[in-house]
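1. Sequence and computational prediction follow.
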Amino acid sequence: MDPIINLIIFICLGVASIVLSILAVTSKSLLRAATYLLLVLICTAGFYLLLNYHFLAAVQISVYAGGVAVLFIFAIFLTSQKGNVLKKHQTRKYLTGGLAALAGIAITAFVLLKHRFVYAENVGVEGDQELNMKAIGEALMGTEKYQYLLPFEILSLLLLAAIIGGILIARKR
């Protein structure tokens with residue numbers, strides 16, 4: 001594809017992701033917030049497609065956009081009452097959230113500016129060829145340096161804790 005078209009698609013996906021993320025966080029309706037989250041996850045799959053990671057795009061759509069967003073929507077339907085909207089927070093919570101967001105932006109900017117990324121010479125980023133599925137599987141489930149089995153297991157424990165918390169919240173009513 002033409003580099004200009006790639007840049008235009010990237011900018012559109014980036015702007016849509018930022019706007020939808022802000023809407024997901026600031027929406028007063030839980031169902032709308034979950035819908036905005038679903039759209040952000042779909043935009044993320046678009047980023048994977050731009051990088052020629054078709055497998056990761058399919059996983060993003062099926063697992064995250066499909067499974068997690070539907071789980072959130074069902075949890076909202078099961079635990080909230082009709083017409084339930086979020087309460088307005090105290091100013092202190094907005095300040096704490098803003099400071100946390102600024103700290104996250106500062107850390108991300110520091111890493112982006114100081115780190116030399118390995119994928120700069122990768123032919124797959126240019127769009128010529130897709131990564132091998134075996135290489136993706138080994139990177140996700142390996143225990144060597146730059147492999148992600150430990151973060152994968154930690155994420156599964158975090159999701160388990162979220163499910164248990166949702167059950168406890170639903171059970172109190």
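-> Perfect, I can see it now.
2. after the worst-scoring helix or strand of the chain on mean pLDDT comes which helix or strand?
-> Lowest on mean pLDDT, DSSP states H and E among the helices and strands of the chain sits helix 69-79, with a mean of 73. Going down the chain from helix 69-79, the next helix or strand is helix 91-114, by DSSP states H and E.
3. contacts for that next one?
-> Contacting residues not belonging to helix 91-114 are not present [C-beta atoms under 8 Å, 6 or more residues apart in numbering]. In this view, the C-beta of every residue, glycine as well, is placed from N, C-alpha and C.
4. Mind giving me the packing neighbours of the helix or strand hosting Ala135?
-> Secondary structure assignment for Ala135, by DSSP H and E: helix 133-141. Packing partners of helix 133-141 (3 or more C-beta pairs under 8 Å, 6 or more residues apart in numbering; DSSP states H and E): helix 54-59, helix 149-172.
5. Please save the CA atoms from the first one in CSV.
-> The C-alpha trace of helix 54-59 is given here as CSV (Å, rounded to 0.1, in the frame of the first residue of the first chain):
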residue,chain,number,x,y,z
HIS,A,54,-3.3,-10.6,10.8
PHE,A,55,-3.3,-13.3,13.5
LEU,A,56,-3.1,-10.7,16.3
ALA,A,57,-5.8,-8.6,14.7
ALA,A,58,-8.1,-11.7,14.6
VAL,A,59,-7.3,-12.5,18.2
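6. For Lys28, see how far away the most centrally placed residue in the chain is.
-> In the chain, the residue lying closest to the centroid (C-alpha atoms, centre = their mean) is Leu41, at 5.7 Å. Distance of Leu41 to Lys28, computed by C-beta to C-beta, to the nearest Å: 21 Å.
7. pLDDT below threshold where in this structure?
-> Counting by pLDDT under 70, the chain contains low-confidence residues at 1, 79-87, 89, 117-131, 172-173.
8. Domain-wise, how is it divided?
-> Domain ranges of the chain: 1-86, 89-125, 132-173, per automatic domain parsing.
9. Of those domains, which stretch is the most buried?
-> domain 1-86 (a mean of 15; mean count of other C-beta atoms under 10 Å).
10. contacting residues for Leu41?
-> By C-beta under 8 Å, 6+ apart, Leu41 lies in contact with 60-61, 64-65, 68-69.
11. can you give me phi and psi for Tyr146?
-> phi 60, psi 30 (degrees, to the nearest 10).
12. show me the contacts for it.
-> Ala139.
13. Run through the neighbouring helices and strands of the least confident helix or strand of the chain.
-> helix 30-50, helix 149-172.
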